[in-house]
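Enquirer: Just to be clear, the model below is a prediction. Sequence and coordinates:
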Amino acid sequence: MFYQFLENEQFNFQINRIVTYGEQNACLEEIKTIIPYLTDMESWTKNWLRLAEQAKSEGRFSQATYYYRMAEFYMVDDTPEKTTCYHNFKECFEKANEDRLIQRFDIPFEGTFLPAIKMDAKKPKGTILVHGGYDSFMEEFYPVVRNCTNFGYSLVMFEGPGQGQARKNGLTFRYDWEVPTSAVIDYFNLHDVNLMGISWGGYLAPRAAAFDLRIKNVICYDIFYSGLDMLLNRLSKEDGNKLLLLLDKKQKLIVNQIIKEKMKRSIDLDWKIKHGMYITGTTTPYDFLKSIEKHNLSPITEKITQNILLLAGENDQYVPVERMNQLKRELVHAQSVTSRIYTKAEGGDQHCQVGNLPLVTEELYRFLDQHN
């Protein structure tokens with residue numbers, strides 16, 4: 001179920017994001033006690049941190065994990081406070097899952113490493129390789145895929161450039177996702193890989209598949225066609241077209257002025273741009289937008305030859321649902337294309353089906369069993 005906790009669309013989505021992982025990971029009644037006090041980024045951090053520290057002190061490590069994630073979310077990037085919160089998040093994750101056979105790896109990459117975790121199925125019929133997108137830590141997606149070993153699939157999750165520990169290692173977000181993905185595939189000597197990209201990973205995963213034929217099946221959970229969609233999807237058509245024209249004409253000063261004014265009026269946009277500059281290693285809104293402009297499936301859809309699963313929610317706040325039909329038209333050389341648009345009536349209309357995760361897992365394993 002997707003709850004209407006707050007009027008602020010972004011705040012509301014983030015709360016639902018952990019509630020959808022179940023009571024084991026987020027106590028609904030406990031969370032409701034702080035809802036009236038979540039008015040800005042400062043109050044958000046303060047109240048989630050209080051819940052996290054209380055849960056940790058009581059040994060409720062799984063809930064503390066996701067409360068720390070919420071507390072960390074709007075903190076200023078690359079600060080001691082955010083780093084401490086991140087470390088608490090990871091520590092609680094480890095304690096919450098110490099009885100599970102989770103292996104950790106540091107994969108050598110461009111002078112540093114990509115972090116990964118691995119779980120082996122007893123008699124694997126394949127491997128699911130999973131990564132996130134724009135603001136992701138691999139641990140936070142664990143509830144989505146942790147049961148894959150019960151379905152006969154080994155699991156490898158990794159953080160690529162711009163994500164989690166990889167960004168802290170100095171690796172910035174990049175459009176050519178085949179480079180880090182191939183490094184992970186090489187490291188584990190994988191073949192016939194089932195690659196699952198979450199959120200912005202809906203662009204990154206098919207991008208990687210276009211250049212690495214060891215990838216057999218691709219899951220876009222959800223679809224993500226263009227990096228600029230994240231911004232344009234909440235602008236009027238007129239404002240969006242104006243911004244695209246200014247970017248095309250390389251009007252850096254004007255773009256920076258427009259975006260900075262809009263950031264003053266929107267907590268959501270302020271976070272998107274500031275966090276985006278951090279993960280991409282850019283210093284102005286214009287440079288950030290030019291960086292994510294490269295994240296576009298249009299030039300490479302004809303190169304994708306795998307079986308591909310496209311998931312979408314009809315009310316996704318980041319991706320226009322119209323991209324689904326566009327993708328289906330453009331994937332002309334895919335071995336097969338399976339698609340599903342979830343509706344409000346069935347509870348999966350939001351980004352990444354927040355509110356009804358079982359819908360996704362059912363579709364995921366049906367697709368994998370069909371193509372493995």
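Expert: All right, it came through fine.
Enquirer: wait, what's in contact with residue 106?
Expert: 113-116 (C-beta atoms under 8 Å, 6 or more residues apart in numbering). Quick note: C-beta positions are derived from backbone N, CA and C, even for glycine.
Enquirer: I meant to write residue 292 there.
Expert: 173, 175, 227-228, 230, 276, 280.
Enquirer: possible to save those residues as CSV with secondary structure and pLDDT?
Expert: As requested, those are exported to CSV (DSSP: H, G, I helix; E, B strand; the rest coil; pLDDT from 0 to 100):
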residue, secondary structure, pLDDT
173, coil, 98
175, coil, 98
227, coil, 96
228, coil, 96
230, helix, 90
276, helix, 96
280, helix, 97
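Enquirer: Which one of those residues sits in the busiest neighbourhood?
Expert: When the contacts of residue 292 are compared by neighbour count (other C-beta atoms under 10 Å), residue 173 ends up highest, at 26 neighbours.
Enquirer: Based on its surroundings, how many neighbours for the nearest residue to that one once chain neighbours are set aside?
Expert: Nearest residue to residue 173 in three dimensions, chain neighbours excluded: residue 162, at 2.7 Å (C-beta to C-beta, 6 or more residues apart in numbering). Residue 162 is flanked by 25 other residues according to other C-beta under 10 Å.
Enquirer: what do you get for residue 138?
Expert: Neighbours around residue 138, by other C-beta under 10 Å: 24.
Enquirer: can you tell me which residues contact it?
Expert: 115-117, 130-132, 157-159, 163-164.
Enquirer: Show me the residues you listed that map onto strands.
Expert: 115-117, 130-131, 157-158 (DSSP state E).
Enquirer: got these as CSV, with distance to residue 203 columns?
Expert: Output for the ones in strands among the contacts of residue 138, formatted as CSV (distance: C-beta to C-beta, whole Å):
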residue, distance to residue 203
115, 21
116, 21
117, 23
130, 15
131, 11
157, 18
158, 16
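Enquirer: got a winner among those for most neighbours?
Expert: Most surrounded of the ones in strands among the contacts of residue 138: other C-beta under 10 Å gives residue 131, at 29 neighbours.
Enquirer: in the sheet, who's paired with that one?
Expert: In this entry, residue 131 is beta-bridged to residue 197, by DSSP bridges.
Enquirer: So it sits against residue 198, correct?
Expert: Yes - at 7.1 Å, residue 131 counts as touching residue 198 under the criterion of C-beta atoms under 8 Å.
Enquirer: and residue 84, how many neighbours?
Expert: Around residue 84 there are 13 residues (other C-beta under 10 Å).
Enquirer: could you measure the closest residue to residue 305 other than its chain neighbours against residue 300, distance?
Expert: Leaving out its chain neighbours, the residue that sits closest to residue 305 by C-beta to C-beta, 6+ apart is residue 333, at 5.2 Å. Plainly put, residue 333 is 11 Å away from residue 300 if you go by C-beta to C-beta, to the nearest Å.
Enquirer: When those two are compared, which one has more neighbours?
Expert: Higher neighbour count among residue 333 and residue 300: residue 300, with 15 against 12, using other C-beta under 10 Å.
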